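In: Got a predicted structure here, sequence first:
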Amino acid sequence: MHTDSGTGYVISRLRRFDDKAVYVTASSRSKPELPAETLLKWQRLVNHVAVSLHQPHSLITRLDQDTLYVFLHNETEDTTFIEYDKFPLGLGVYCETTLSGDTVNFVPDSLSNEDWKNNPSLEFSLISYIGVPIRWPDGELFGTICALGDKPMSQDQTLLDDIILFKSIAETDLQLLFKKQEISSHKRQFDTAISEMHHRVKNHLNILCSLIQLDLACDLSKEEFIAYQKKLTNQIRGVAELHTLLAYESHESVELSTYISNMMENWTKTAPNRQVRLDSSLEKINISGDRVIYFGMLLNELVTNSFSHAFTPSLSDPVITLRLEDMGETFRFTYKDNGPGFQARPGSCHAQSLGITMLFEITEDLGGKVIQEEGPGTSFVFTLPKHL
């Protein structure tokens, strides 16, 4: 037996009646425990197996690591089998062959069968056997349900039909337990996701409040205040867009090119009396959901600067150029406009320089780098990690 550390699967090595080794997947550690009501039902089931098949012994076994043990046995004064009796795999008992296949293993009389005449169960005078494997819904083996006798069994189709019926009853119970566990797991994941979402909303609103306080610390002209109101509106829209994507994609990551496209669409729709052309080449990149809010603020500051300062009435064909490139652990984002350009002076309380100061500070907080390229217009190149 060994456990696959990557999947948690338990692989067991069985010995068939013909001495061939077979590897099967036993119950992984994530499987649910059987509740008391199921155990009681299965006890009645295993009692009924013995009566229905007219055999002195009936069992439900369980495969566990490198051992097969008696999980339940019919209630009888006979002590041939006791609960939790263990049989190391490799002995070649009847149930090992049963576990290696998917069909009924029927041995009416092992004494007259060359393949079975030396099997270890003969030590207990158990010369006849009928059994089937019991599996979880995902195919992992729980064990077997079987009956054994000290006399030959009649080769009656009714025996085969009955043992398959008993198998279906047991596997239906396992399916219900499996589904119940899945539902509970999904509920826990949903509750956690909702809690994380509330926490994110709170953090993002706190960030916006901090930015408002920072901006209001400066004396803004009437024109600057109008531009500031528009910027704040788009920052709020950016947070709303982020949470829309988090809700529909996943709670851990966001596809950045979609976020950028949606943000730019919102901006161009609300642009006052300006037709702005977008030149975009955006690779599909997933980044941590916690980082997108900061990236959205970077983008918002850049677009605000373009609309407020670069795209003057004299500019006939305003263009914003966007490039998004996957660099492995990082990504590169290039933003350009074709306005008159300016030289960033971080630290100034001028509205334009204040926004640029925030670009540099947020980039540094994210562990990234930003370069202002020379040339016509304003051009910034950001290199940022994808994850925290």
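Out: Thanks, I have it. Since the model is a prediction, treat every value here as computed from it, not as a measurement.
In: show me what contacts residue 361?
Out: Residue 361 sits next to no residue when contact means CB atoms under 8 Å, 6 or more residues apart in numbering. To be clear about C-beta, it is placed using only N, CA and C from the backbone, and glycine gets the same treatment.
In: got a pLDDT number for it?
Out: Per-residue pLDDT puts residue 361 at 82.
In: Just the strands from the stretch 51-200 of the chain, written as ranges.
Out: 57-64, 67-73, 86-88, 105-107, 128-135, 141-149 (DSSP state E, counting those that start in this stretch).
In: Strand partners (parallel or antiparallel) of the first one?
Out: Strand 57-64 has its sheet partners listed here by DSSP bridges as strand 67-73 (antiparallel), strand 141-149 (antiparallel).
In: how far out from the middle of the chain is it?
Out: 33 Å (CA atoms, centre = their mean, to the nearest Å).
In: Please tabulate the strands of the stretch 51-200 of the chain in JSON lines, including the columns mean pLDDT, mean neighbour count and distance to residue 334.
Out: Formatted as JSON lines, those follow (pLDDT from 0 to 100; neighbours: other CB atoms under 10 Å; distance: least, CB to CB, whole Å):
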{"stretch": "strand 57-64", "mean pLDDT": "93", "mean neighbour count": "24", "distance to residue 334": "58"}
{"stretch": "strand 67-73", "mean pLDDT": "92", "mean neighbour count": "20", "distance to residue 334": "62"}
{"stretch": "strand 86-88", "mean pLDDT": "86", "mean neighbour count": "12", "distance to residue 334": "65"}
{"stretch": "strand 105-107", "mean pLDDT": "95", "mean neighbour count": "21", "distance to residue 334": "67"}
{"stretch": "strand 128-135", "mean pLDDT": "96", "mean neighbour count": "24", "distance to residue 334": "55"}
{"stretch": "strand 141-149", "mean pLDDT": "95", "mean neighbour count": "25", "distance to residue 334": "56"}
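In: quick one: which of those is nearest residue 306?
Out: Among these, strand 128-135 comes nearest to residue 306, with 62.3 Å by CB to CB.
In: Which neighbours in the sheet does the closest one have, and how are they oriented?
Out: strand 105-107 (antiparallel), strand 141-149 (antiparallel).
In: Which among those is found nearest to residue 260?
Out: Smallest distance to residue 260 across those (CB to CB): 49.6 Å, for strand 141-149.
In: Format the CA atom coordinates belonging to the closest one as CSV.
Out: The C-alpha trace of strand 141-149 is given here as CSV (Å, rounded to 0.1, in the frame of the first residue of the first chain):
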residue,chain,number,x,y,z
LEU,A,141,-13.3,0.8,-2.9
PHE,A,142,-15.1,0.6,0.5
GLY,A,143,-14.8,-3.2,0.7
THR,A,144,-17.0,-6.2,0.0
ILE,A,145,-20.3,-7.7,0.9
CYS,A,146,-20.2,-11.5,0.9
ALA,A,147,-21.4,-14.7,2.3
LEU,A,148,-19.4,-17.9,3.2
GLY,A,149,-20.4,-21.4,4.0
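In: All further residue positions should be reported with the first residue as 515.
Out: Will do, 515 is the new start, and the previous item becomes strand 655-663.
In: now it: how far from the chain's centre is it?
Out: 34 Å.
In: Likewise for stretch 843-859?
Out: Centre-to-centre, stretch 843-859 and its host chain are 37 Å apart (CA atoms, centre = their mean).
In: Just the buried residues of it, please?
Out: Using 16 or more other CB atoms under 10 Å as the test for burial, stretch 843-859 gives 844, 845, 846, 847, 848, 849, 850, 851, 852, 853, 855, 858.
In: Can I get the residues you listed in JSON lines including secondary structure, pLDDT and distance to residue 556?
Out: Below are the buried residues of stretch 843-859 laid out as JSON lines (DSSP: H, G, I helix; E, B strand; the rest coil; pLDDT from 0 to 100; distance: CB to CB, whole Å):
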{"residue": "844", "secondary structure": "strand", "pLDDT": "95", "distance to residue 556": "56"}
{"residue": "845", "secondary structure": "strand", "pLDDT": "96", "distance to residue 556": "55"}
{"residue": "846", "secondary structure": "strand", "pLDDT": "96", "distance to residue 556": "61"}
{"residue": "847", "secondary structure": "strand", "pLDDT": "97", "distance to residue 556": "60"}
{"residue": "848", "secondary structure": "strand", "pLDDT": "96", "distance to residue 556": "65"}
{"residue": "849", "secondary structure": "strand", "pLDDT": "95", "distance to residue 556": "66"}
{"residue": "850", "secondary structure": "strand", "pLDDT": "94", "distance to residue 556": "70"}
{"residue": "851", "secondary structure": "strand", "pLDDT": "93", "distance to residue 556": "72"}
{"residue": "852", "secondary structure": "coil", "pLDDT": "91", "distance to residue 556": "76"}
{"residue": "853", "secondary structure": "coil", "pLDDT": "88", "distance to residue 556": "77"}
{"residue": "855", "secondary structure": "coil", "pLDDT": "79", "distance to residue 556": "78"}
{"residue": "858", "secondary structure": "coil", "pLDDT": "55", "distance to residue 556": "74"}
